[in-house]
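Colleague: 3D model of this:
(chains A and B)
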Amino acid sequence: MTRYLRALVLILPSLILFAPPSQAEYGDIVINNYSSEAGMRPAIFPHWFHRIRFRCKVCHADLGFKFQAGGNDITMLKIIDGEYCGACHNGEIAWSVESCGLCHSAKPDTKTQVHESTISKLLTGKKK
Amino acid sequence: MTNKSMNKKVSPLLFAFTASMILLATPASAKTGEEIYNVSCAGCHATGVLEAPKVGTKQDWEKREAQGFQTLVKHAISGLNNMPAKGGNPSIKNEEIIAAVTHMLVKSGFSQYDKPSDATQTAAAAPAVAKPEPAKAAPAAKPAKAKPKKTKKRAVNRFNRLMKSSSEWNLPPMKDGIHDPENDGTEVLQAPRDAFDALPKASSGNRVDWVAALQEGAIEPRYDLHDPDVAPVVMDLNIVREVKGSMPNVVYPHKQHTEWLDCSNCHPAIFIPQKGANQISMASILLGQKCGVCHGKVAFPVSECRKCHSQTKQAKR
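Modeller: Reported below is the predicted structural model:
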């Protein structure tokens, strides 16, 4: 196990080096749990925009968002009922669900990911 | 002569400024426009990426040139759209920017900028004259002629070839690669740079030092969804983790973490709240476990080794 980890430590930095440069903002989350099936563009959650306005705790403790891209079973019905994004995106704190294109703004069929994350760079390297 | 006296009347300040710049610049030997261009401008302006006007393509420059030389220089110095201020290198002097802009214009077919005649040109040409090296008294036009090939070489063999240049950081949604420019909403979304301009800078991640931003009050994120006055429950306790080898020990500050997070975010699911109970390795962090649940995704990335490994070991043992 430790040998495996050691090998990983040696290989990982080189993978980071050769991963193609991605463009979008660090910490942008693409969520494509149901979007593509439903014929919608995947949603993008920009962490940077939200952390200027709220501390992590508000969403990740009070609203119950798990620390995992795609790990939260978010549906439009739940949002309309005030769960998850719907706690703010209700027309009171932030714009409401009618503004589809503001969230569902990713290029069609973009996969669920934490954009620019260390792990996504490692995986991109592996595929090469 | 009349021209000269007019210039003197119109811009004594400019002359004083230029003269002082030259005096200041001489010991550090200001670079020529071409040198600056090769190092700091060619990355975009030789290829025309990110909508940069391409050197050698006159129509790219016509509209911009029509706004006036001073406007061009102003935009080059303070930045505009994708053009970062001074090409992303604040150490370039203003006169060098003037020289570089002149160089690009000349190379793009605006031959009127080739002669050191008007006031701006004096500023551009003066450093070259002030330099001790080109004592051959070769006019600025001559060395500029034979160099376009060299430009290409320099761009290819530039430093940090695989790293993003500063002009590729914090791109607006329309250009960031994951937002769909065809989507109606994309254009409405805020560009990160608009928000980050006022925030303290960092060298990785969002290029924003979020912890400093919070401490300085540059941002005031709510701790409660509805009530902006709820204060966070901050716990000031440092945990020192001794690590193997020569790496400095890790100092984990609860303070900075509890400013943002609730205890339940980390305990007990990610970290067992007990000394010595957690196995943490850099490999697991790189793979998104432990500290890597946030660091390397939204919090500063693991390339910032010293931010965590901050306690230098005593020379004992």
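
Colleague: any low-confidence regions in the stretch 51-200 of chain B?
Modeller: Along the stretch 51-200 of chain B, segments meeting pLDDT under 70 span B:115-154.

Colleague: swap that for chain A, please
Modeller: For chain A (pLDDT under 70), the answer is A:1-22, A:124-128.

Colleague: So what sits opposite the spatially most central residue of it in the bridge?
Modeller: For chain A, the residue lying nearest the average C-alpha position, counting by Cα atoms, centre = their mean, turns out to be A:Ile29 (1.9 Å). Listed beta-bridge partners, A:Ile29: A:Phe45, A:Val114 (assigned using DSSP bridges).

Colleague: ok now do it, which residues does it touch?
Modeller: The contact partners of A:Ile29, by Cβ atoms under 8 Å, 6 or more residues apart in numbering or on different chains, come to A:Ile44, A:Phe45, A:Pro46, A:His47, A:Ala69, A:Gln113, A:Val114, A:His115. Using the backbone N, CA and C atoms, a C-beta is placed for each residue, glycine as well.

Colleague: And the closest residue to B:Arg207 other than its chain neighbours, how far from B:Ser204?
Modeller: Closest residue to B:Arg207 apart from its sequence neighbours, by Cβ to Cβ, 6 or more residues apart in numbering or on different chains: B:Trp169 at 5.3 Å. Separation of B:Trp169 from B:Ser204 (Cβ to Cβ, to the nearest Å): 10 Å.

Colleague: Settle it for me: which of these two has more neighbours?
Modeller: When neighbours are counted by other Cβ atoms under 10 Å in any protein chain shown, B:Trp169 and B:Ser204 differ, and B:Trp169 comes out ahead with 18 against 14.

Colleague: Could you tell me the phi and psi values at B:Leu72?
Modeller: Phi and psi for B:Leu72, reported as degrees, to the nearest 10, are phi -60, psi -50.

Colleague: wait, doesn't it sit right on B:Arg64?
Modeller: Yes - at 5.8 Å, B:Leu72 and B:Arg64 qualify as touching, with contact defined as Cβ atoms under 8 Å.

Colleague: the strands in chain A, which residues?
Modeller: A:28-31, A:43-46, A:113-114 (DSSP state E).

Colleague: Need those strands in CSV (columns: distance to B:Cys305).
Modeller: As requested, these are arranged in CSV below (distance: least, Cβ to Cβ, whole Å):
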stretch, distance to B:Cys305
strand A:28-31, 24
strand A:43-46, 27
strand A:113-114, 21
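
Colleague: Relative to B:His45, which of those is closest?
Modeller: With distances scored as Cβ to Cβ, the stretch of the strands of chain A nearest to B:His45 is strand A:28-31 (28.5 Å).

Colleague: from the chain's centre, how far out does the closest one sit?
Modeller: For strand A:28-31, the distance from its own C-alpha centre to the chain's C-alpha centre is 2 Å (Cα atoms, centre = their mean, to the nearest Å).

Colleague: What count of nearby residues applies to the residue nearest to B:Lys58 when sequence neighbours are not counted?
Modeller: Spatial nearest neighbour of B:Lys58, excluding adjacent residues (Cβ to Cβ, 6+ apart): B:Gly109 at 4.2 Å. Neighbour count of B:Gly109, defined by other Cβ under 10 Å: 14.

Colleague: And B:Gly109, how far from chain A?
Modeller: Counting by Cβ to the nearest Cβ, to the nearest Å, the separation of B:Gly109 from chain A is 32 Å.

Colleague: B:Lys244 too?
Modeller: As it turns out, when the distance is counted by Cβ to the nearest Cβ, B:Lys244 lies 12 Å from chain A.

Colleague: How about B:His254?
Modeller: B:His254 sits 14 Å away from chain A, going by Cβ to the nearest Cβ.

Colleague: cool, and B:Ser91?
Modeller: 24 Å.

Colleague: And for B:Ser167?
Modeller: Counting by Cβ to the nearest Cβ, the gap between B:Ser167 and chain A amounts to 12 Å.
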